[in-house]
Each structure stands twice: as structure tokens, then as C-alpha cells.
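Predicted structure and sequence below. I'll ask about it afterward.
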Amino acid sequence: MNILESIRFAFSAIWANRMRSVLTMLGIVIGVFAVITLMSIGDGVQSEFSSAVDSFGGNVAIVTAGDIDGGTMDPTSMMSLSSLTMEDNDAIQAIDSVKAASPLMIVPGSIAPPVGDPYIPLMVATNDKMAEIIDMNVLEGRAISQQDLDDKSRVILVGRDVAKVDFEGSPIGQTVTVLETEFEVIGILETEIEFLGGGSEEDDSFLSGQMPNLHEAYVIPITTAKDVLNALNIFRINVEFETTEVVEQGVEEVEALMLERHKGVKDFSVLTTDDMLDLFNQFFDILTSAVVGIAAISLLVGGIGIMNIMLVSVTERTREIGIRKALGATNSRILTQFLIESGVLSFLGGFLGVGLSYLATKLITQLYDIPTLITIEALGLAFGVSVFVGIVFGIMPASKAARKNPIEALRYE
């Protein structure tokens, strides 16, 4: 019996016990489904984040609260408020290699739009340099100007998505109430950075290098936020250097300046785009490994299930084994036949798991707007591991079948 005949025979044996085979494959199906789905979410998020960071350009860095040393965050630094100030931003702007510096502040509080009930939005405060650093486009109206900063004007920009939901018609010229203070809408924002995280003053998820999602945000002048709304906590300063060639030197100058201004206390970090990617990828690799490891337990359970069913199958087919040996089948052929059956069983389980994960990732992307990406590597890993599990756990039943005495097997009832 050649390999193709063995595979055909294996499918026939599985089909003859369809319900039992499906239940046996369930552990493999769940394991592969969990592994592929979790890896696709991780790969999708990493891909989107990499694209977002790349859009900043190679000459951009951020100064963020908290000391990141060797790619790890000191937990104590995350529990305190940021020590960054507007004076820090102005001092960085004065460095020769720095083209632009822009502080970013999260403004807490509710907002009352013209349409709908008051709610707590993502509201940020910054200066007129932000648009230059992150390619922030104004679809309609105008951006924050130096005059707005000097006058502490009560003006506000809205993201393109906010403009559609919170206003009727064009929002330009309409007013919104922020903490009982009226602000006039002067522009609608759009940015090329599609994957951007949320957060709060107490949430340091921004330390990964993500920007607020300006499509869904309100933006006000930072001087107005400090004067009218008493917002004080700058959690990040975005820095654009003159060229990519001076980034390394510029980062050293910024670090030296900040250490001097903070009296030698390293309560900040200066991260380039490469640093952001390394930090994020390191974090996500650890997280992905952990969740995939947990999901792999289902594959172990599935392998044990396959071994149990194959042992039952060997017992049920003892007489068949005896007949085949009497007709000249060698121990190696019997061993190969049962290994192929267990491998086919686990392969089918892996195939069903991949199909379910494909549907699940599509639903996750559509319903929750979470990016997913099923890679060839993930598919290869899932199929490879599922078949490997089937063969490994099929060795003992196959060996038992191969070692059977043909005379005793023929007598088996």
C-alpha cells in the first residue's frame, strides 16, 4: 500500500466514524483557531502601528514622561503625573538641530456639542507646530495659529468624524461648550496617521509612541487649556529635527538639556521612531507569545484526544490488522498507516480551525475596527503544529498496532 492509498484509506476510516472524528478533532480545531486568531490580531496591530510610526518620518522623536531604560518602562514612573512643562518645550525648540517642537496635553472634561447630549471626548491641546510635525491637514477652515496661542483664544478644531456626528452641516463658526466655556469651531482636521491610540492623563499607553486619533478628537490651543481649563499635565513633546542625519546628535542634545532642566532626575525618555517600534514590538512579542502559549494548551488536549481515539481504533481493528499481516503487511506499513490516519485527523482539525479563524478575524475587523492580518507564517505554524501533534500523539497507538501478533489478532473477537 503506497502513501496515496494510505491517505485514501485514512479518509475512509475517518468518514466511517464521522461524529467520533469531529469530536476528536475539536481540541485541534479550537487550538488552531485560537492561535491563528490571536496571532492575526497581533500581526495586524503591529503592522498598523509600524505604518503609523513610519508616517512620522525618520527625523521625528518624542519626549515622553517616564524613564524607559533598555526598552522597559519603570512602573513607578507610570504612576505619577508627567513632569514635562511648556518651558521644556520652548527650551527644546531653541536647540539648533530642532526644526519644530510641539507639546501634547490631554484635556479632561465634558463637551456639549450642538447635536446630541454632553459627553467626554478625546480632547487634546497643542501649539501651531503640531500640524507640521505629523502632517495634520485642515479639510475646512484653518489651523491653530501663533496669534491664537498669544491671545489664548477660545477656538477649537474638530476631527472629521466628530464633524459628521456632533454637528449639523458645516461646523465652522458653530460653538461648543467645554466645561461651561464656549469655544468657536475654526477648522476640521484630518491626518494621514490612521492607527492612533486613545488614553488619558493617567494612562501611559501613549508611551508606545501613539498619537491620539485626531479623526475623533477636539483640539484646542495649549495656552487656552492652561488658562481657561486649568489643564496642566503635558504628557509628551513631539520633536522634529532639521534632517535625519542630525537625529542621533539631536537626541543627545535634547537628553542633556532635559537632564539639566530636571536637575539630573531622569523622569523622561527621548524616543526615536526606531525606539518606538522596538519598544512596541518587544511588548507585543511577549504578549503574543503568552496568549499563543495559553492557546497551545488546546492543541495538547487535542493531541491527547487523538491518541485516545486511535487507541480505541486499534482495538476495534485488531482483526483487520491480523488479516493485513497475514497477507504480508510489514510492521512498518501498519505503523505508517496509523500514523497517516492520526496525521490526517489533525490536519483536518487544523484546516477547520484556520477556516473559523478567517471568519472570526473578518468579524473582529468589521465589528470592532481592530486590524487583523493572517500571515503565511501563522498558517504554516498552525498547520505544521497540528500535523506534528497528530503524528506525535499517534506514535503510541501506531506502535501498538504494529506490534500485534498476527495469529492473536486473527483470533480477536
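Nice, I can see it. Numbering: from 1, shown residues only.

Can you list the buried residues in the host helix or strand of residue 5?
Take DSSP states H and E as the rule and residue 5 turns out to sit in helix 3-16. By 16 or more other Cβ atoms under 10 Å, the buried positions in helix 3-16 come out as 6-7, 10, 13-14. Using the backbone N, CA and C atoms, a C-beta is placed for each residue, glycine as well.

Please apply the same query to stretch 378-385.
Residues of stretch 378-385 classed as buried under the neighbour-count rule (16+ other Cβ under 10 Å) are 378-379, 381-383, 385.

Reformat those as CSV; add distance to residue 288, pLDDT and secondary structure.
Written out in CSV, the entries for the buried residues of stretch 378-385 read as follows (distance: Cβ to Cβ, whole Å; pLDDT from 0 to 100; DSSP: H, G, I helix; E, B strand; the rest coil):
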residue, distance to residue 288, pLDDT, secondary structure
378, 10, 83, helix
379, 16, 87, helix
381, 12, 81, helix
382, 14, 81, helix
383, 18, 82, helix
385, 15, 85, helix
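
Can you add distance to residue 372 and give those back as JSON lines?
Listed next are these as JSON lines, based on distance: Cβ to Cβ, whole Å:
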{"residue": "378", "distance to residue 372": "11"}
{"residue": "379", "distance to residue 372": "13"}
{"residue": "381", "distance to residue 372": "16"}
{"residue": "382", "distance to residue 372": "15"}
{"residue": "383", "distance to residue 372": "19"}
{"residue": "385", "distance to residue 372": "20"}
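
Closest one of those to residue 308?
Nearest to residue 308 among those is residue 385, at 19.3 Å by Cβ to Cβ.

Do I have it right that that closest one meets residue 298?
No - judged on Cβ atoms under 8 Å, residue 385 makes no contact with residue 298 at a distance of 11.1 Å.

Flag the shaky bits of this structure, pLDDT-wise.
Judged against pLDDT under 70, the low-scoring parts of the chain cover residues 1, 54-57, 69-81, 192-213, 413.

which one's the longest strand in it?
Ranked by residue count and defined by DSSP state E, the top strand of the chain is strand 181-191.

So which bits of that strand are buried?
Taking 16+ other Cβ under 10 Å as the neighbour-count basis, strand 181-191 is seen to contain the buried residues 183, 185-191.

with the buried residues of stretch 378-385 in mind, which one is nearest to residue 271?
residue 378 (28.8 Å).

Neighbours of the residue lying closest to the closest one once chain neighbours are set aside, how many?
When the adjacent residues along the chain are set aside, residue 378 lies closest to residue 39, with 4.5 Å between them (Cβ to Cβ, 6 or more residues apart in numbering). Look at residue 39: counted by other Cβ atoms under 10 Å, it has 25 neighbours.

show me the contacts for the closest residue to residue 146 other than its chain neighbours.
For residue 146, ignoring the flanking residues on the chain, the nearest one in space by Cβ to Cβ, 6+ apart is residue 128 at 5.4 Å. Residue 128 makes contact with 143-146, 148-149 under the criterion Cβ atoms under 8 Å, 6 or more residues apart in numbering.
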